[in-house]
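>>> Mind folding the following:
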Amino acid sequence: MASQLRRERSSEMRKKHIGKLLRQARLRRNLTAEEVARRCNVSRSRVYQWEKERSVISKNIEPLAKALQIPKSKLEAENIKKD
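Below you'll find the model as predicted:
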């Protein structure tokens, strides 16, 4: 039970980290959520969902990494949901 709780907390921390990472990278590059969305072929609301600690589906990792100029491997390491 305790190990399951630790895994859940760890997952929550990664969720918060990936959202914060995405938002900071977007703002550092002076991009709007609309611009990132267009580059990733998703809706603006999807970008906001990613930034609010929701997962990024693996098919979106590469375009997102390119749009935000973040190494793909860094996003993959922080991602919490695969297809």
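>>> alpha carbons only for contacts and neighbour counts from here, please
Noted.
>>> Tell me which stretches of the chain form helices.
For the chain, applying DSSP state H gives helices covering 2-28, 33-40, 44-51, 61-68, 72-78.
>>> Tabulate those in CSV, adding columns for mean pLDDT and mean neighbour count.
Converted to CSV, the helices of the chain look like this (pLDDT from 0 to 100; neighbours: other C-alpha atoms under 10 Å):
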stretch, mean pLDDT, mean neighbour count
helix 2-28, 72, 15
helix 33-40, 97, 17
helix 44-51, 93, 18
helix 61-68, 95, 18
helix 72-78, 87, 15
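>>> nearest spatial neighbour of N60, skipping sequence neighbours?
C40 (6.9 Å; C-alpha to C-alpha, 6 or more residues apart in numbering).
>>> right, and the one you found touches A65 too?
No. Using C-alpha atoms under 8 Å, C40 makes no contact with A65, being 9.3 Å away.
>>> Contact partners for the residue nearest to N60?
By C-alpha atoms under 8 Å, 6 or more residues apart in numbering, the contact set of C40 is 60, 63-64, 67.
>>> Tell me how far the nearest residue to R46 once chain neighbours are set aside lies from I70.
Take R46 and drop its neighbours on the chain: the residue closest to it by C-alpha to C-alpha, 6+ apart is A37, 7.5 Å away. Remark: distance between A37 and I70 (C-alpha to C-alpha, to the nearest Å) = 16 Å.
>>> And for C40?
14 Å.
>>> now swap in N79 and tell me
The value you get for N79 to I70, if C-alpha to C-alpha is used, is 13 Å.
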